[in-house]
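Chemist: below are the sequence and a predicted model; questions follow.
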Amino acid sequence: MKHLGSNQTESIKRTIRETGLRATPARIATLNLLHAATSPLTHAEVSDELRDLSVDRATVFRNLNDLASVGLLRRTELGDRVWRFEWVAESGEHGSAHPHFVCVDCGTVSCMDEIKLTAGSMRMSQEFGEVTEIVLRGHCNDCG
Ligand SMILES: [Zn+2]
Ligand SMILES: [Zn+2]
């Protein structure tokens, strides 16, 4: 995980306050963690990472859902009935909704930020309904 300076923490604090939530140390740590993460994390993974700060699992769960409901995190469900949470940037890098690749062998989830549905594909998909998640499954490079 990359080291985050105090500027980062300050801007995260501001971001949380702008939503009307209190910028508690646990919420700041949660957002810091997900900002640095390169793939969506489960509640269990976030709890493990924040254990050193002695944030209990119930608080982690509540914070993840609070931050998702104000739009700072995106919740994804990739077919295994586990909610994963990821940072939502306003634009660019990791910004908009993107497909995820799930390895059927090891369960690793990867963000496919570069892959987008074309405008034409999006229009066509609306005939079937609103797309909320695009998941590709297969064997990751590590599992071959
Ligand atoms: Zn794998
Ligand atoms: Zn993602």
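Modeler: Yes, it's here. Ligands and ions are numbered 1, 2, ... in the order given.
Chemist: any buried residues in stretch 97-112, and which?
Modeler: Burial within stretch 97-112, assessed by neighbour count using 16 or more other CB atoms under 10 Å, is assigned to 98-103, 109-111. C-beta: built from backbone N, CA, C; applies to glycine.
Chemist: so what's the residue lying closest to T38 once chain neighbours are set aside bridging to?
Modeler: Closest residue in space to T38, ignoring its immediate chain neighbours: C111 at 6.9 Å, by CB to CB, 6 or more residues apart in numbering. C111 has these beta-bridge partners by DSSP bridges: H100.
Chemist: where does the chain have its least confident helix or strand?
Modeler: Ranking every helix and strand in the chain by mean pLDDT, DSSP states H and E puts helix 119-125 at the bottom, with a mean of 87.
Chemist: so what are the sheet partners of the helix or strand following that helix and their directions?
Modeler: Using DSSP states H and E, the helix or strand that directly follows helix 119-125 along the chain is strand 135-138. When pairing is defined by DSSP bridges, strand 135-138 lines up against strand 100-103 (parallel).
Chemist: phi, psi for E86 please.
Modeler: Backbone dihedrals for E86, given as degrees, to the nearest 10, come out at phi -140, psi 150.
Chemist: do I12 as well
Modeler: Taking degrees, to the nearest 10 as the convention, I12 sits at phi -70, psi -40.
Chemist: show me the contacts for it.
Modeler: 23, 28, 31-32, 35 (CB atoms under 8 Å, 6 or more residues apart in numbering).
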